[in-house]
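1. what follows is a predicted protein model with its sequence.
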Number of protein chains: 2
Amino acid sequence: MAKQLNWGVLGYARIAINSIIPAILKSSNAHLYGVASRSEDKLQNCKDTFNPEKTYTNYDDLLDDDNIDVVYIPLPNALHKEYVIKAANKGKHILCEKPMALNSKECLEMIEACKSNNVFLMEGFMYRYTDRIKKVQDLLSKNSIGEIKRVNSTFAFYLDREGTIKMDPSLGGGSLYDVGCYPLNFVQMVTQSNPIEITGNAVMNNGVDTTFCGVLKYDNGIIATIQSSFEAFDVNDSEIIGTKGIIKVPDTFKGNSGHIQLITHESITNIAVEESDRYTLEVEDFSSAIINFRAPFISIVETYNNMSILDNLLSIIPQ
Amino acid sequence: MAKQLNWGVLGYARIAINSIIPAILKSSNAHLYGVASRSEDKLQNCKDTFNPEKTYTNYDDLLDDDNIDVVYIPLPNALHKEYVIKAANKGKHILCEKPMALNSKECLEMIEACKSNNVFLMEGFMYRYTDRIKKVQDLLSKNSIGEIKRVNSTFAFYLDREGTIKMDPSLGGGSLYDVGCYPLNFVQMVTQSNPIEITGNAVMNNGVDTTFCGVLKYDNGIIATIQSSFEAFDVNDSEIIGTKGIIKVPDTFKGNSGHIQLITHESITNIAVEESDRYTLEVEDFSSAIINFRAPFISIVETYNNMSILDNLLSIIPQ
């Protein structure tokens, strides 16, 4: 297979503009082939800014283009299932923004469509590519804090934009879908198992959870909390608490340089973290997985498990 | 009334030895009059160390001593009700260790006994007397972080002693009773209202909760979490998250010097906290309340509300 894959971007969304399109342009094994948007104005802006080979005012036209190898889907959550399945049926590999779907049933249909078309599907958890998370995993693999007993993780920010899809229940809005899936993914990465009991609560506004707090209990005796919010000051922090120490992870989901902290009875150690271009690493890695026909970094089993837990967490939210 | 009250200590427990007896000895308006213990050996140690005027091998003998004005009760939680009511019926004012009782029904009986005997009853939340907590309250009163949206508070430590009453379900053991009542009290101090919904989970060992995590939702849209544990590395931290900033409170329940942190978009400010002799402040303040016939600092209404919430939190724990 070619050393450079043609990527098509399905929707000229904020995250595509700010993160993934620049990442494709930087990647050695990805080429920005096409961008689709229903808005002519947006497409003109896209041409002026990024100069893709082709643009389409219709999503299906992008999917019909045989030159495209990989499709990136930044569409609202409620549209993931439809366009992942369409893209799979056109033989495209797919990088889909988190959360993969609105529920695990949708997710399973998407997985099956990709399997039967022999294409890869990966969820866009870009934070997993950072030096920060690698260093957390290093500490865990060295058993640095003894037996893990609690994990707390939060992704919260103050949403001051009006009219965003994040506040639209019909498009899969709400803080749990939008950012709470990150703390869930982090907790699952640490615990390496599925919770046996789930509880929590949410603050609702206009039919979406604007703050969510979940408690997950695991059969090995770990209790974890996840928090997400659109309503309060930015928090992007996690902590893993073991019998012998604590790992603190400020800026858990970010790509900036900084420190993680290992606290034990013996010492408090700041472990330097290098800046990571997490979106470029993600695009390059997914391209490489396709080119080399190896499993994507974020496995579809992990994605499915996360969606199943999201089902249970969502059931806490009053409808 | 006398400027110095005679205190009697009902049980030569760790907290009496390490904290309250030294505090009584330091206080200007309290005098260490009597100490009761069922153990002759302990009493001898008490005489050698603290030299109280009298000692008693029977708790009732201390309560029968008319020279005693105030009784301090550090007994196991399951004995609080019996001895508070006995002390009240003997006309003694009572400082009782947290939690006040095993449930709100017991607490109400204790309050009624104290009311009908015209004696004061106060729960021993010594941490409320620290400079740290005063500075948190200062920040809150100045609306430093906008509208409060979330509160998280944890008191957890690794219990490495064997045979402690903390692990005995029949004596009111468990991490929620033992240390979880502190985060609950802190959260209630911040929210100034009672939760409308409570959920959470616990890890059980030998019939007690060795780790507890609760989620409390308030009608003003605040969600709070409290955590307590005997199973993992020490955590004694809280954070209050508002629309415009965060107050971080390391060592929330301790009397050491240090800093609290105010984080806003404008700045990160470390606010120095002075060391506070919280037990001496508590003993002096309770003596002063009695001498001057003014309400104790920790109101009995607050204590009763806390017990009622504990009832609900305890209902989460599998029996």
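-> Thanks, I have the structure now. Residues are numbered from 1 along each chain as shown, chains lettered A, B, ... in the order given.

2. for the rest of this, base every contact and every neighbour count on C-alpha atoms.
-> OK.

3. may I have the secondary structure class of A:Val301?
-> helix (DSSP: H, G, I helix; E, B strand; the rest coil).

4. contacting residues around it?
-> By Cα atoms under 8 Å, 6 or more residues apart in numbering or on different chains, the contact list for A:Val301 is empty.

5. try it again with 10 Å
-> Listed by Cα atoms under 10 Å, 6 or more residues apart in numbering or on different chains, the contact partners of A:Val301 are A:Ile111, A:Met307.

6. please report the distance of it from chain B.
-> Between A:Val301 and chain B the computed distance is 27 Å (Cα to the nearest Cα, to the nearest Å).

7. and if you look at A:Thr264?
-> For A:Thr264, the distance to chain B - Cα to the nearest Cα - is 8 Å.

8. ok, and the closest non-adjacent residue to that residue?
-> If the residues on either side of it in the chain are set aside, A:Thr264 comes closest to A:Gly245, at 4.3 Å by Cα to Cα, 6 or more residues apart in numbering or on different chains.

9. pretty sure A:Thr164 contacts A:Ser170?
-> No: A:Thr164 is not in contact with A:Ser170 according to Cα atoms under 10 Å; the separation is 12.0 Å.

10. same drill for the two, tell me which one is more crowded.
-> A:Ser170 (13 against 10; other Cα atoms under 10 Å in any protein chain shown).

11. by contact count, what packs against the worst-scoring helix or strand of chain A on mean pLDDT?
-> Taking mean pLDDT, DSSP states H and E as the measure, the helices and strands of chain A show their lowest mean at helix A:14-15, namely a mean of 94. For helix A:14-15, there is no helix or strand it packs on, judged by 3 or more Cα pairs under 10 Å, 6 or more residues apart in numbering or on different chains; DSSP states H and E.

12. skip ahead from it and say which helix or strand is next.
-> Sequence-wise, the next helix or strand downstream of helix A:14-15 (DSSP states H and E) is helix A:21-26.

13. relative to the helix or strand following that next one, what are the paired strands and their orientations?
-> Note on helix A:21-26: by DSSP H and E, the next helix or strand toward the C-terminus is strand A:30-36. Here strand A:30-36 has these sheet partners by DSSP bridges: strand A:5-10 (parallel), strand A:54-56 (parallel).

14. CA atoms of strand A:30-36 as PDB?
-> The C-alpha trace of strand A:30-36 is given here as PDB (Å, rounded to 0.1, in the frame of the first residue of the first chain):
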ATOM      1  CA  ALA A  30      -1.200  11.400   5.500                       C
ATOM      2  CA  HIS A  31      -2.300  13.800   2.700                       C
ATOM      3  CA  LEU A  32      -5.200  16.200   2.900                       C
ATOM      4  CA  TYR A  33      -7.200  15.100  -0.100                       C
ATOM      5  CA  GLY A  34     -10.700  16.300   0.500                       C
ATOM      6  CA  VAL A  35     -12.900  18.300   2.800                       C
ATOM      7  CA  ALA A  36     -16.700  18.200   2.800                       C
END
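
15. off-centre distance for it?
-> Centroid separation between strand A:30-36 and its chain, computed with Cα atoms, centre = their mean, to the nearest Å, is 21 Å.

16. what do you get for stretch A:129-143?
-> 18 Å.

17. again, but for stretch A:175-182
-> 9 Å.

18. again with stretch A:264-283
-> 18 Å.

19. what residues does the stretch 201-319 of chain A put near chain B?
-> A:201-205, A:210-225, A:227, A:229-235, A:241-246, A:263-265 (Cα under 10 Å from any Cα of the partner chain).

20. separation between the closest residue to chain B within the stretch 1-150 of chain A and A:Ser299?
-> For the stretch 1-150 of chain A and chain B, the shortest gap (Cα to the nearest Cα) falls at A:Lys149, measuring 6.2 Å. As judged by Cα to Cα, to the nearest Å, A:Lys149 and A:Ser299 stand 25 Å apart.

21. show me which of the two is the more surrounded one.
-> Neighbours were counted for A:Lys149 and for A:Ser299 using other Cα under 10 Å; A:Lys149 has more, 23 against 13.
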